[in-house]
Structure formats: structure tokens, C-alpha cells
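*Asks:* Attaching a predicted model along with its sequence, questions to come.
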Amino acid sequence: MDLLLWRHAEAVDGSPDHARELTQRGHKQARRMAAWLAENKPKHLRVLVSPTLRTRQTASAFADDFEIVSSLGPDGGVADILAATGWPDASGAALVVGHQPALGRLAALLLSGQEADWTIKKGALWWFTNRVRDDETQTVLRAVIPAELL
């Protein structure tokens, strides 16, 4: 399975939190990452998105067809992402467009074996895959792409 974690692009400050829109820079970040994803995406990719406006706007730069998952909102956690995606046992690939701190905490868990407060920058993508070697499931980090490098 492939698991792609895409933190929403830069959004305006303010409240209510769920209605915050992307800034002009955020739209540019989303378009650049979407172009990269279009060129490099894995086959059979499901796109799962937090219900907030900023995540939906980020995802919309890449796909018209995505699933809004309420548990992926700003208050969601690592267990919510794992449940929504089926990692590591589901087939195909899942792209989660979500929030800190859950995305960073999941990245830490996948790479170090325990949750920690790691930061995924706004607009950045982390791509994981898994494989089985000697009856052991291993996590492989395929890519980390900050939006400003695209």
C-alpha cells in the first residue's frame, strides 16, 4: 500500500477555523504539488480529505473526485487517519489531505515506531509505502516534497 500525507497549503488566519480559505500563496502551493502528483501519483489512488475549506481547496487543485472524511478534521488523530486509509493492509494507495499535528505524528510513528511531534510544512507531501520482507512489514519513505521546492 502507498500512503501519501499532504498537509493543506497556506491558509488565512482567523475563525471559524473550518472556514479558513487558502491564501494566494496557498493556491500556488496547491497547484504546484497537484502538478507533481499528476505526474507521479500511484495507481488506484483514493483521495481522502478533511472537511475544512482549506483542505478541500488544496485537494481541488489535484482532483475533482475526493472523499470528505469528518474524522480527518483538525481534531482528528493518528488512529483516525489509519482507520480511514486502512494502512498498511489496504490495497492500492491513499492520499490524505489533512492537518498538523496528526500528519506529523503519523509520519513519526511510521518512521520511528512511536508518535512524536514532527512537523509537516504547509503544502508539503510525505509519501510512504510498505513491503514485507522475511515475514516482517516494513515502512519505506519514498518522498518528502516541500511545496517551495516545486
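*Replies:* Ah, there it is. Since this is a predicted model, take the numbers as computed values, not measurements. Residues are numbered from 1 along each chain as shown.
*Asks:* When you work out contacts or count neighbours from here on, use the C-alpha atoms and nothing else.
*Replies:* OK.
*Asks:* Next up, identify which helix or strand residue 81 is on.
*Replies:* Under DSSP states H and E, the secondary-structure element containing residue 81 is helix 78-85.
*Asks:* counting contacts, what elements does the lengthiest helix in the chain pack onto?
*Replies:* If you go by DSSP state H, the chain has its longest helix at helix 24-40. Here helix 24-40 touches helix 53-60, going by 3 or more C-alpha pairs under 8 Å, 6 or more residues apart in numbering; DSSP states H and E.
*Asks:* still on that earlier bit, report the buried residues of the helix holding residue 81.
*Replies:* 78, 80, 81, 85 (16 or more other C-alpha atoms under 10 Å).
*Asks:* Now the two most distant members of those.
*Replies:* In terms of C-alpha to C-alpha, the buried residues of helix 78-85 reach their longest pairwise distance at 78 and 85, which sit 10.8 Å apart.
*Asks:* in this protein, which spans are strands?
*Replies:* Assignment of strands within the chain using DSSP state E yields the ranges 2-7, 45-49, 67-68, 93-98, 125-133, 136-145.
*Asks:* ok, now how distant is the closest residue to residue 9 other than its chain neighbours from residue 144?
*Replies:* If the residues on either side of it in the chain are set aside, residue 9 comes closest to residue 123, at 3.9 Å by C-alpha to C-alpha, 6 or more residues apart in numbering. Using C-alpha to C-alpha, to the nearest Å, one obtains 11 Å as the distance from residue 123 to residue 144.
*Asks:* Please report phi then psi for the residue in the chain sticking out farthest from the centre.
*Replies:* For the chain, the C-alpha farthest from the mean C-alpha position belongs to residue 134; by C-alpha atoms, centre = their mean, that distance is 29.2 Å. Note on residue 134: its backbone torsions stand at phi 50, psi 50 [degrees, to the nearest 10].
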